[in-house]
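> Fold the stuff below for me.
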Amino acid sequence: MWRPLLCLLLALAAPVAAAERLVPAEAGALLSAIAGAAPGDVLILAPGRHDGPVLLDRPVTLDGKGQAVIDGHGQGSVIRVTGDDVTLRGLEIVGSGSSHTDIDSGIRLLKGAERPLVEGNRLIGNLVGVDVHGATDATLRGNTIVGRRDAHMNARGNGVYVWMAPGLLVEGNDIRYGRDGIFVNVSHHNTFRNNLLRDLRFGVHYMYANNNEVSGNVSIGNHLGFALMSSHHLTVTDNLSLGDRSHGVMLNAVSNAEIAGNLVRGGAEKCTFIYNAQRNVIHDNRFEGCAIGIHFTAGSEKNTLTGNAFIGNREQVKYVGSRDIEWSFEGQGNFWSDHPAFDLDGDGIADGRFRPNDLMDHILWSQPAAALLIGSPAVQLIRWSQANFPATLPGGVRDSFPLMTPVTIAVPEHIAAMEAASRPDWANGALDDAELDPLGGH
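All right, here's what the predicted structure looks like:
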């Protein structure tokens with residue numbers, strides 16, 4: 001008697017198996033399917049248009065197989081997620097509202113949501129693409145996010161907006177238009193890897209976000225590539241800034257970071273700008289073809305720079321100060337394309353030290369009107385004097401072990417093709433309202 005009763009009790013206690021359900025592209029069908037879904041259910045959305053907005057508060061999967069559209073009809077956020085282990089895959093998501101106050105988005109991953117996966121979706125024309133707002137251990141992978149162009153750039157929304165989202169992985173996404181590609185505010189232990197960022201204000205915009213990784217990302221034709229601010233213990237490696245307008249990489253109040261293996265090229269005003277940043281290791285980067293290779297100021301002397309290449313910049317270094325700053329580490333300095341170097345012993349280190357800025361550079365930086373005298377005999381006399389009497393040199397950068405060969409950073413062919421084809425609006429004189437001070441309001 002007891003055996004049949006035990007089997008019945010075990011059967012009743014066993015969890016119901018997750019089901020795969022087809023949701024027709026009909027009015028109200030998606031809302032009804034979500035309301036009736038059990039934890040673990042997979043909802044396969046039929047090709048066509050499905051009505052939003054929707055709320056997912058339990059572990060379910062929405063899979064559009066690349067043929068289903070969810071339309072929010074301009075009402076708030078198209079999909080909101082508050083439950084654990086939700087997966088969104090193969091969907092096209094359109095039609096968010098336009099409220100910055102409510103952060104209207106294609107997808108909002110909210111506090112309480114754990115381990116959401118957003119993968120292989122297309123988010124088109126929403127105010128914000130994906131807002132990760134308090135969710136933990138979220139993954140955004142392989143999505144295409146195309147922002148709006150119907151307002152001034154500073155009034156648009158971000159591709160990915162991150163706030164208080166520990167454990168976040170943003171990987172392999174293609175983000176274009178809108179305001180900032182990835183905007184991060186007060187979020188720690190995140191990874192942003194191998195994303196493509198184009199035609200934006202800032203590619204990556206980072207504030208008060210510690211112990212994070214920014215690696216392998218590509219910024220093309222943005223006003224500023226990587227704006228890293230008020231953060232510490234960052235790993236910023238192997239990123240590309242190609243044809244960005246004002247800055248490639250900017251460090252503002254960043255400390256204890258590793259900045260390595262990054263390439264900035266293509267005419268930026270400043271390849272890199274270091275402002276009030278300390279105790280960072282900046283090595284094996286390549287800064288090429290900018291108006292200024294590196295500009296550092298406001299107490300940024302305590303950084304280690306070694307193995308970098310400064311190539312073809314109109315001014316290699318801009319630093320106004322009275323202190324001598326050594327840019328080498330353990331007998332290895334940096335490569336300077338304008339250093340007429342010799343290496344008689346063949347050890348790869350130039351035989352003479354190099355100063356990338358001289359007295360006339362200081363005069364021109366502090367008194368721009370003096371540029372009218374650049375070809376005068378007086379200027380030539382000053383430069384001859386400081387070359388022959390080093391005591392006349394002001395404080396500034398000194399590289400005691402300059403390198404003979406530059407670091408090489410490869411650009412994949414398909415990325416180089418995008419770089420060559422890039423025609424951002426600002427390049428045609430349409431600066432919109434993104435003409436801003438990157439150290440000012442954000």
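
> Could you export stretch 150-168 as PDB, CA atoms only?
In PDB, the C-alpha atoms belonging to stretch 150-168 read as follows (Å, rounded to 0.1, in the frame of the first residue of the first chain):
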ATOM      1  CA  ASP A 150      15.700  62.800 -34.500                       C
ATOM      2  CA  ALA A 151      17.100  65.100 -31.800                       C
ATOM      3  CA  HIS A 152      20.400  66.900 -31.100                       C
ATOM      4  CA  MET A 153      23.000  64.400 -30.100                       C
ATOM      5  CA  ASN A 154      23.200  65.500 -26.500                       C
ATOM      6  CA  ALA A 155      19.400  65.100 -26.200                       C
ATOM      7  CA  ARG A 156      19.400  61.500 -27.400                       C
ATOM      8  CA  GLY A 157      19.700  58.300 -25.300                       C
ATOM      9  CA  ASN A 158      22.600  55.900 -24.800                       C
ATOM     10  CA  GLY A 159      23.100  52.600 -26.500                       C
ATOM     11  CA  VAL A 160      23.800  50.800 -23.200                       C
ATOM     12  CA  TYR A 161      23.100  52.600 -19.900                       C
ATOM     13  CA  VAL A 162      24.600  51.000 -16.800                       C
ATOM     14  CA  TRP A 163      23.900  51.800 -13.100                       C
ATOM     15  CA  MET A 164      24.700  49.700 -10.100                       C
ATOM     16  CA  ALA A 165      25.000  46.400 -12.100                       C
ATOM     17  CA  PRO A 166      27.800  44.300 -10.600                       C
ATOM     18  CA  GLY A 167      29.000  41.300 -12.700                       C
ATOM     19  CA  LEU A 168      27.800  42.800 -16.000                       C
END
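
> Okay, now the unreliable bits of the stretch 251-400 of the chain?
298, 320-322, 357-395 (pLDDT under 70).

> swap the cut-off to 90 and go again
266-268, 296-302, 315, 318-325, 338-346, 352-398 (pLDDT under 90).

> ranges for the strands of it?
Using DSSP state E, counting those that start in this stretch, the strands of the stretch 251-400 of the chain run over residues 258-260, 263-265, 270-275, 281-283, 286-288, 292-297, 304-306, 309-311, 315-318, 325-326, 335-336, 397-398.

> contacting residues for residue 27?
residue 51 (CB atoms under 8 Å, 6 or more residues apart in numbering). In this view, the C-beta of every residue, glycine as well, is placed from N, C-alpha and C.

> right, I mislabeled it, should have said residue 237
Contacts of residue 237 were listed using CB under 8 Å, 6+ apart, and they are 213-216, 258-262.

> Output those residues as a markdown table; include the columns distance to residue 122 and neighbour count.
Formatted as a markdown table, the contacts of residue 237 follow (distance: CB to CB, whole Å; neighbours: other CB atoms under 10 Å):
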| residue | distance to residue 122 | neighbour count |
| --- | --- | --- |
| 213 | 26 | 16 |
| 214 | 24 | 29 |
| 215 | 25 | 18 |
| 216 | 22 | 16 |
| 258 | 34 | 16 |
| 259 | 33 | 28 |
| 260 | 33 | 19 |
| 261 | 31 | 18 |
| 262 | 29 | 27 |
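
> Can you add distance to residue 125 and give the residues you listed back as JSON lines?
Below are the contacts of residue 237 laid out as JSON lines (distance: CB to CB, whole Å):
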{"residue": "213", "distance to residue 125": "30"}
{"residue": "214", "distance to residue 125": "27"}
{"residue": "215", "distance to residue 125": "29"}
{"residue": "216", "distance to residue 125": "27"}
{"residue": "258", "distance to residue 125": "37"}
{"residue": "259", "distance to residue 125": "35"}
{"residue": "260", "distance to residue 125": "37"}
{"residue": "261", "distance to residue 125": "35"}
{"residue": "262", "distance to residue 125": "32"}
